[in-house]
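# Sequence and predicted structure below; questions after.
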Amino acid sequence: MKKIKLVLMAALAIAAFAPATGFAQKAGKKEKKDIAVQLYSLRDVIGADFEGTIKEVGKMGYTAAEAAGYGDGKFYGLSPHDYKAALKAAGVRPLSSHTGRTPNEEELKTKNFANALSWWDQAILAHKEAGIDYIVIPGMYLPNNMESMMNLCEFLNEVGKRCKEAGIKFGFHNHSGEFHHKIDGQKAYDLLLENTNPDYFFLQMDVYWAVMAQESPVAYFKKYPGRFKLLHIKDRDVVGDSGMVGFDAIFNHAKEGGLEYPIVEMEGSEFGPVEGCKKSLEYLQKAPFVKKSYDPKKKR
């Protein structure tokens, strides 16, 4: 009988403690969502203090960063190894990078891609050493005739093939111009999607610029499923403030689009770059339609 009483007392003690534990978990800090920041958003401060800015990115709660400072084999003047180490020390993953060398009008006409491809061979090696998983062209010359456009797509496929062989994914970031620019009545953006190999080339949709071009991100997700592995999450100022970008619909259909990582980018903010990035992240952390992670490397 005494043994039974002891068991009951232990059970009651566990039951009494359990709710308190659950409350403590709820009251504590929420788990961070996997959200990256495009370092271009912090361009006004990162040049003067790279290390301090990266530490601030980690403190804000961003889990990854997209570089916008690659050149001549270095990132923000640092070797690939040192760039990777600086981010790791701040608890930030070196997710992706905006850079690129694309053919000019003459190179597209002649299909002489030797110089451009040589540039890419060096860049791919540097990005691999930096631990970067995605390379994204932030903008490029768009030809005015179909033959050159097909040559451009052929070039992009070749670069994408080389990236894939190195374990890196390769894509392109839009502004509004790619939707307005037409060749034989077809949007350049659509031509890129339809004439590149999905195994070698993805689109990083900047949802703000798509909306500014009066296009629907969700319609593109449905028409070209799986092609949008990265998204630039952007608004006129702080993400979510303007009400003009349907972030709930975008994230509700993000899986269909192929999203693997959302990335906040700011052109500028009345609050300043650091506070603007903080507020944008806070909005996404609180938003119920944004999942904890879209990263294919993580089990969900």
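Here it is on my side, so go on.
# residues contacting S41?
S41 sits next to V264, E265, M266, P273, G276, C277 when contact means Cβ atoms under 8 Å, 6 or more residues apart in numbering. Using the backbone N, CA and C atoms, a C-beta is placed for each residue, glycine as well.
# For the third one, the count of nearby residues, please.
By the other Cβ atoms under 10 Å criterion, the neighbourhood of M266 contains 26 residues.
# okay but it is in contact with E275, surely?
No. Contact status for M266 versus E275: not in contact, 10.4 Å apart, counting by Cβ atoms under 8 Å.
# got the contacts of S41 as JSON lines, with secondary structure and pLDDT columns?
Output for the contacts of S41, formatted as JSON lines (DSSP: H, G, I helix; E, B strand; the rest coil; pLDDT from 0 to 100):
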{"residue": "V264", "secondary structure": "strand", "pLDDT": "98"}
{"residue": "E265", "secondary structure": "coil", "pLDDT": "98"}
{"residue": "M266", "secondary structure": "coil", "pLDDT": "96"}
{"residue": "P273", "secondary structure": "helix", "pLDDT": "97"}
{"residue": "G276", "secondary structure": "helix", "pLDDT": "98"}
{"residue": "C277", "secondary structure": "helix", "pLDDT": "98"}
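# Show me what the mean pLDDT comes to for stretch 219-227.
Mean pLDDT, stretch 219-227: 98.
# Tabulate the CA atom coordinates of that stretch in PDB.
Extracted in PDB, the C-alpha atoms of stretch 219-227 (Å, rounded to 0.1, in the frame of the first residue of the first chain):
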ATOM      1  CA  ALA A 219       0.200  32.700 -61.100                       C
ATOM      2  CA  TYR A 220       3.900  32.100 -62.000                       C
ATOM      3  CA  PHE A 221       4.300  29.500 -59.200                       C
ATOM      4  CA  LYS A 222       1.300  27.600 -60.700                       C
ATOM      5  CA  LYS A 223       2.400  28.000 -64.300                       C
ATOM      6  CA  TYR A 224       6.100  27.000 -63.600                       C
ATOM      7  CA  PRO A 225       6.000  24.900 -60.500                       C
ATOM      8  CA  GLY A 226       9.300  24.200 -58.800                       C
ATOM      9  CA  ARG A 227      11.300  26.900 -60.600                       C
END
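# So which bits of it are buried?
Buried residues in stretch 219-227, counting neighbours by 16 or more other Cβ atoms under 10 Å, are found at Y220, F221, Y224, R227.
# Run through who's touching the helix or strand harbouring the first one.
With elements taken from DSSP states H and E, the one containing Y220 is helix 217-223. Counting by Cβ under 8 Å, 6+ apart, the neighbours of helix 217-223 from elsewhere in the structure are 205, 207, 210-211, 228, 231, 246, 249-250, 253-254, 256-258.
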